[in-house]
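1. build me a model from this:
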Amino acid sequence: MIAAGAVVTKDVSAMSIVGGVPAKVIRYLSDEEKGEYEKYESISN
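-> Numbering: from 1, shown residues only. Presented below is the predicted three-dimensional model:
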């Protein structure tokens, strides 16, 4: 996930939250959050 207004200059690893200028990893999603994210993604596609 990428925060609004973030300037991404390099590859972003999957399941991480990045933000800032330039974008930096804020944190990684926990296993519980990954499950919720994947559930949402399967519904939206």
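2. need the contact partners of the helix or strand of the chain with the lowest mean pLDDT.
-> Between all helices and strands in the chain, the lowest mean by mean pLDDT, DSSP states H and E belongs to helix 31-44, at a mean of 77. Contact with helix 31-44 is made by 15, 29, as judged by CB atoms under 8 Å, 6 or more residues apart in numbering. Every residue, glycine included, has its C-beta placed from N, CA and C.
3. isn't residue 5 right next to residue 18, touching?
-> No. The pair residue 5 / residue 18 is not scored as a contact, 11.5 Å apart, by CB atoms under 8 Å.
4. between the two, which has more neighbouring residues?
-> The residue with the greater number of neighbours, taking residue 5 and residue 18 and applying other CB atoms under 10 Å, is residue 18; the counts read 18 against 9.
5. how near is the more buried one to residue 42?
-> Here the criterion is CB to CB, to the nearest Å. By it, residue 18 lies 23 Å from residue 42.
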